[in-house]
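1. any chance you could fold what I've pasted below:
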Amino acid sequence: MSTQKSINGINIQVSFCNQINCQPIPLDQISKGAPLANVYAKEGVANTYTVNIVSHVPTQLNIDTPPDPNVVVSLDNNAGYLYLAYNGIQAVNTPINQGNVNCRVFWFEYNSSVDLDNPPADTQFNLYHTQFDYTIEQAGGNAEAIFVQERNDDPETDRGTVTTPAKDD
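-> Sure, this is the predicted structure:
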């Protein structure tokens, strides 16, 4: 798998996916919610956006075989542990506008035997910062926001964040 791919009407180019902590982070010091994400329009490039994701990932990872290799981009130079999946546009019900928002749905995927719904007290995590650009192709459709989720492919445990690009006033 490459770090650039055209998936469901957008072209994704991964800039980097870096572990940013030096020491493993104990369970009691990690955020319990969705990954942190932001998106902004890339200056001077039409229909192109930059996305940053910061996510806690268990230190114990297994080689992952994505459920659908056609919708993923490698985040770790094809080592097989971390992937970015794009699942197209979906209506997401959110209190932001008290209704549905059309969102581009991205998944930060990995495989760990740690059950994040009920992790052992000694579970440790690494913190990853991922950045990628996506360009909307002609068939890419319109979306108001992105929805970034984290998925542990074993067991399936999902957490997510909805964010929109800042509007110039």
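2. so how far is Glu137 from the residue most central in space within the chain?
-> Residue closest to the average C-alpha location in the chain (Cα atoms, centre = their mean): Phe108, at 3.4 Å. Relative to Glu137, Phe108 is positioned 22 Å away (Cβ to Cβ, to the nearest Å). To be clear about C-beta, it is placed using only N, CA and C from the backbone, and glycine gets the same treatment.
3. all strands for the protein, in order.
-> Using DSSP state E, the strands of the chain run over residues 4-7, 10-19, 25-26, 36-41, 48-58, 72-74, 83-94, 99-110, 124-136, 145-153, 156-163.
4. can you spell out which helices and strands pack onto the shortest one?
-> Helices and strands touching strand 25-26, by 3 or more Cβ pairs under 8 Å, 6 or more residues apart in numbering; DSSP states H and E, are strand 124-136.
5. angle of the strand it packs on against strand 99-110?
-> Strand 124-136 and strand 99-110 meet at an angle of 120 degrees, taking axes from the mean of the first three to the mean of the last three Cα atoms, to 10 degrees as the criterion.
6. got the angle between strand 124-136 and strand 83-94?
-> Interaxial angle of strand 124-136 relative to strand 83-94 (the same axes, to 10 degrees): 80 degrees.
7. touching, the residue nearest to the centre of the chain and Ile53? I think so.
-> Yes. In this structure Phe108 lies within contact range of Ile53 using Cβ atoms under 8 Å: 5.7 Å.
8. overlap in contacts of those two?
-> Common contacts of Phe108 and Ile53 (Cβ atoms under 8 Å, 6 or more residues apart in numbering): Pro35, Tyr128, Thr130, Val148.
9. among the residues you listed, who's most crowded?
-> Ranked by the number of neighbours (other Cβ atoms under 10 Å), the shared contacts of Phe108 and Ile53 place Val148 first, at 28 neighbours.
10. I figured that one hits Glu109, correct?
-> No. Val148 is beyond contact range of Glu109, at 11.5 Å (criterion: Cβ under 8 Å).
11. next, count neighbours for the closest residue to Ser6 other than its chain neighbours.
-> Of all residues not flanking Ser6 in the chain, Glu137 sits nearest, at 6.8 Å (Cβ to Cβ, 6 or more residues apart in numbering). Glu137 is flanked by 14 other residues according to other Cβ under 10 Å.
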